[in-house]
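Engineer: Structure for this input, please:
(2 chains)
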Amino acid sequence: MKLSKYTKFRAEKFGAVLFETRSEKVFTLNPTAAAVVSEIGSGADERGVIERLKSRFEDQDGAIERQAIEFIAELRQKGLIED
Amino acid sequence: MSGETSAAVATGSGDLGAPLYVAWQLTNECNLACLHCIEESGPGKAFRDELGAPETLRIVDQLAAQGVPYLSLSGGEPMVHPAFFELVERVCAAGIELKIETNGHFLEPANCERLQRLGVKAVQVSLDGASRETYNRMRVRGDFDRAVGGIRALAAAGVPIEINYSPTRFNAHEIGAAIDLAAELGAYSFYTGRTMYTGNAVKTWRAIVPQEEQYASFFAVLRAKSTEYRGRMRVYFHELGLLEELRYRLRHPAALLIVLPNGLVKLINALPFVCGDLRKESLEEVWARFQRAWHDPRVTQFVEDLAGDPRKTAALHQWVYLQ
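Structural biologist: All right, here's what the predicted structure looks like:
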């Protein structure tokens, strides 16, 4: 899994931005979403990304895992990431 | 987890650490002398104090260091700048997505192949007409066949293509055919909007400004074509007049810097205000000035004065320095 060809990621104080440069659309990300995209940028597969986030955020009730799965699906649906 | 800010990089620019988009008018020199040119560009119109190659490369390095993801090079005609390819190479090597906005007259196959190898994101070609007659009338010294040939060379080289179209009294009726031509040439995006009363257009306005009923037909065709080409080519158009656009920008400044050929930085193309100088100041300093400048009462006043006098845009090239 990786960011799609025309998608750029930049960390910001509030989290991050994703900029899809073909459509010139900007997506603002909160810190958790920024962490997801940052892990995707490291080149891990979806399961690997989720495991690392669970560990990083001490996900005891599964909330982080659920949010990450939903968010990754949203990124995929918007064409911001590709497998 | 996320929010889409959408279109034209309009985001809460005050929250961002650096611009998301830099639109750089690399030179005011141009091989054409278009009737509608908003920049007063043309042959022999280069500014006397344009940035030299070392200065332009230094600015690119700053953009890369600050994480600016997206840059466009325009003019004048950017491809006449002596350091054009050196600059393109530096930008692409830095991982910045690059769009080149050109009149298409220097898109020989070898240049297109070079742009493809360097990895430009897109080349936007101005094609204001679907026929030789209208295009050549509007783009003085321009040649429709050469521009179309350039676009075909881009397609052959595999460079993503965008088309830009400026409407006037004598080409507005060709909008539908121009969109069809853009699609046939392989463009993935088509841009248009109202022609502005500034630059060369001030002198030619009476001859070029479309009548309101022409604009009505023009936008009706655009709406239909936008639907027709959905999923194949994006048809972008701005129906808003300039005043509405500027009022929106006062509330939502785009995270976009306009860099002039001499390194001065404007707030937005449609305002005369200069908020920094990349020849003398760092990008970081200019970005901070940009944030403050949008709150300057002179900016708000200028926009409101436009409501009473739309012809104030004739003075956009008489820069007003905001300290």
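Engineer: Name all residues that make contact with the most centrally placed residue in chain A.
Structural biologist: Residue closest to the average C-alpha location in chain A (Cα atoms, centre = their mean): residue A:37, at 2.7 Å. Listed by Cβ atoms under 8 Å, 6 or more residues apart in numbering or on different chains, the contact set of residue A:37 reads A:3, A:9, A:16, A:18, A:29, A:75. (Each C-beta comes from the backbone N, C-alpha and C, glycine too.)
Engineer: If I look at it, what pLDDT would I see?
Structural biologist: Reported pLDDT at residue A:37 in the predicted model: 94.
Engineer: re earlier: kindly identify which of the contacts of residue A:37 also come near chain B.
Structural biologist: When Cβ under 8 Å from any Cβ of the partner chain is applied, the members of the contacts of residue A:37 adjacent to chain B are A:18, A:29.
Engineer: on that earlier part again, next, the residue nearest to the centre of chain A: secondary structure please.
Structural biologist: helix (DSSP: H, G, I helix; E, B strand; the rest coil).
Engineer: on that earlier part again, just the ones of the contacts of residue A:37 in strands?
Structural biologist: Judged by DSSP state E, strands contain the following of the contacts of residue A:37: A:3, A:9, A:16, A:18, A:29.
Engineer: is the last one in a bridge, and if so with what?
Structural biologist: Taking DSSP bridges as the rule, residue A:29 bridges to residue A:16, residue B:2.
Engineer: Next: the second one.
Structural biologist: On the basis of DSSP bridges, residue A:9 is bridged to residue A:18.
Engineer: wait, what's in contact with it?
Structural biologist: A:3, A:16-19, A:37-38, A:41.
Engineer: In this structure residue B:29 contacts residue B:78, no?
Structural biologist: No. Here residue B:29 does not reach residue B:78: they are 9.5 Å apart, not a contact under Cβ atoms under 8 Å.
Engineer: The two - which one has more neighbours?
Structural biologist: Neighbour totals were compared for residue B:29 and residue B:78, and residue B:78 leads with 24 against 21 (other Cβ atoms under 10 Å in any protein chain shown).
Engineer: quick one: the helices in the stretch 51-200 of chain B?
Structural biologist: B:53-65, B:84-93, B:109-118, B:132-138, B:144-157, B:175-185 (DSSP state H, counting those that start in this stretch).
Engineer: The second one near chain A at all?
Structural biologist: No. When contact is scored as Cβ under 8 Å from any Cβ, no part of helix B:84-93 falls within range of chain A; the minimum is 12.9 Å.
Engineer: and if you look at the fifth one?
Structural biologist: No. Contact between helix B:144-157 and chain A, assessed by Cβ under 8 Å from any Cβ, is absent, since the two come no nearer than 15.7 Å.
Engineer: What residues sit buried inside that helix?
Structural biologist: For helix B:144-157, the neighbour count (16 or more other Cβ atoms under 10 Å in any protein chain shown) marks B:144, B:147-155, B:157 as buried.
Engineer: And these, which two are furthest apart?
Structural biologist: Across the buried residues of helix B:144-157, the longest distance by Cβ to Cβ is 20.6 Å; it joins B:144 and B:157.
Engineer: for the record, mean pLDDT for stretch B:106-121?
Structural biologist: Averaging pLDDT along stretch B:106-121 yields 98.
Engineer: Just the buried positions in it, please.
Structural biologist: Applying 16+ other Cβ under 10 Å to stretch B:106-121 flags B:106-107, B:111-116, B:118, B:120-121 as buried.
Engineer: nearest to chain A, of these?
Structural biologist: Ranked by distance to chain A (Cβ to the nearest Cβ), the buried residues of stretch B:106-121 are led by residue B:121 at 6.0 Å.
Engineer: isn't the closest one right up against residue A:23?
Structural biologist: No. Counting by Cβ under 8 Å, residue B:121 stays clear of residue A:23, with 11.9 Å between them.
Engineer: Which one of the contacts of residue A:37 is nearest to chain B?
Structural biologist: residue A:29 (4.9 Å).
Engineer: tell me the contacts of residue 40?
Structural biologist: In the absence of a named chain, chain A is used. A:1-3, A:49, A:72, A:75, A:81.
Engineer: nope, chain B please
Structural biologist: Applying Cβ under 8 Å, 6+ apart to residue B:40 gives the contacts B:28, B:199-200, B:317.
Engineer: Any residues of chain A in contact with chain B? List them.
Structural biologist: A:6, A:8, A:10, A:12-14, A:17-19, A:21-30, A:32-33, A:36, A:67, A:70-71, A:74.
Engineer: Give me the buried subset of the residues you listed.
Structural biologist: Among these, those classed as buried by 16+ other Cβ under 10 Å are A:6, A:8, A:10, A:12, A:17-19, A:21-22, A:24-29, A:32-33, A:36, A:67, A:71.
Engineer: since we're on the nearest residue to residue A:35 once chain neighbours are set aside, how many residues are nearby?
Structural biologist: Closest residue in space to residue A:35, ignoring its immediate chain neighbours: residue A:53 at 6.2 Å, by Cβ to Cβ, 6 or more residues apart in numbering or on different chains. Neighbourhood size, residue A:53 [other Cβ under 10 Å]: 20.
Engineer: Could you verify my assumption that residue A:53 touches residue A:64?
Structural biologist: Yes. Residue A:53 is within contact range of residue A:64, at 5.6 Å (criterion: Cβ under 8 Å).
Engineer: Residue A:11 belongs to a strand, doesn't it?
Structural biologist: Yes. According to three-state DSSP, residue A:11 belongs to a strand.
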